[in-house]
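1. give me a model of this one.
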Amino acid sequence: GVSAFRGCSKLSRITIPDSVTSIGNNAFALCSSLTSITIPDSVTSIENNFQGHKNLTRINVGTENLNYTDVNGVLFNKEKTVLIVYPASKTGNKYAIPDSVTSIEYNAFNYCKNLTSITIPDSVTSIGSGAFRWCNSLTSITIPDSVTSIGSGAFTSCASLTSISIGDSVTSIKEGTFDHCVNLTSITIPDGVTSIGRGAFYSCSSLTSITIPDSVT
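-> Numbering: from 1, shown residues only. Okay, the predicted model is just below:
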């Protein structure tokens, strides 16, 4: 159910039985000691459950599950078109999102402290709210032209991010998108952008100049 184990900060291991079909919103949120979790074949619904899992290294999914799958511990929907969660403490400092992915979910890379580089393929059209929040080691990222939507707070507190390139298909920069990106020195806003949300560049203390294109209303 909703928030069933929320905030159980010393919970290090959990076994979900095959009788479970749904995992409610925030059921395991802020379980900061969990290092791995196995989702059985029976689960058909997973709501937002991985916020604050700072020590999670992998997510395992039963091989017969019809709705979800994992690739080297990264959680996807079965078709691998939606990247749901990249475990925050997964080893390795670079990650290339598979070409099959069209959507990066809400909080997908939350607290991924080891990643310095993430490659977003041209297949991706949407980036969810808070998708890269607190990725403190991420130094640069390119958002391809295929992306039309970036959620609010997508890059909040990416403290090592120095530059970002936004694709030409993005039409709005949402509220708090680059909030507290304290080392961001340059950003190019493409001509397609029509709106910039509240606090989009709040506390970007290293940003010395910014150009707002004619398209912004």
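2. shaky segments in the chain?
-> Within the chain, no range satisfies pLDDT under 70.
3. the helices in it, which residues?
-> Assigned by DSSP state H, the chain shows no helices.
4. contact partners for the residue of it positioned farthest from its centre?
-> The C-alpha centroid of the chain is most remote from Asp214, which lies 30.3 Å away (C-alpha atoms, centre = their mean). By C-beta atoms under 8 Å, 6 or more residues apart in numbering, Asp214 lies in contact with Asp191. To be clear about C-beta, it is placed using only N, CA and C from the backbone, and glycine gets the same treatment.
5. against Asp191, how distant is it?
-> 7 Å (C-beta to C-beta, to the nearest Å).
6. one more: Pro98?
-> In terms of C-beta to C-beta, Pro98 sits 30 Å off from Asp191.
7. tell me which of those two has more neighbours.
-> Pro98 (14 against 10; other C-beta atoms under 10 Å).
8. surely the more buried one meets Thr69?
-> No. Taking contacts as C-beta atoms under 8 Å, Pro98 lies outside contact range of Thr69: 11.4 Å.
9. which residues are common contacts for the two?
-> Joint contacts of Pro98 and Thr69 (C-beta under 8 Å, 6+ apart) are Lys80.
10. nearest residue to Asp88 other than its sequence neighbours?
-> Rather than Asp, residue 88 is Ala. Tyr111 (4.1 Å; C-beta to C-beta, 6 or more residues apart in numbering).
11. cool, and Lys90?
-> Counting by C-beta to C-beta, 6+ apart, the residue nearest Lys90 is Thr57, at 5.5 Å.
12. what is the neighbour count of that neighbour?
-> Neighbours of Thr57 using other C-beta under 10 Å come to 15.
13. what sits against the residue lying closest to Pro98 once chain neighbours are set aside?
-> Closest residue to Pro98 apart from its sequence neighbours, by C-beta to C-beta, 6+ apart: Lys80 at 6.1 Å. Residues in contact with Lys80, defined by C-beta under 8 Å, 6+ apart, are Thr69, Val71, Pro98, Ser100, Val101.
14. I appreciate the help and will end here.
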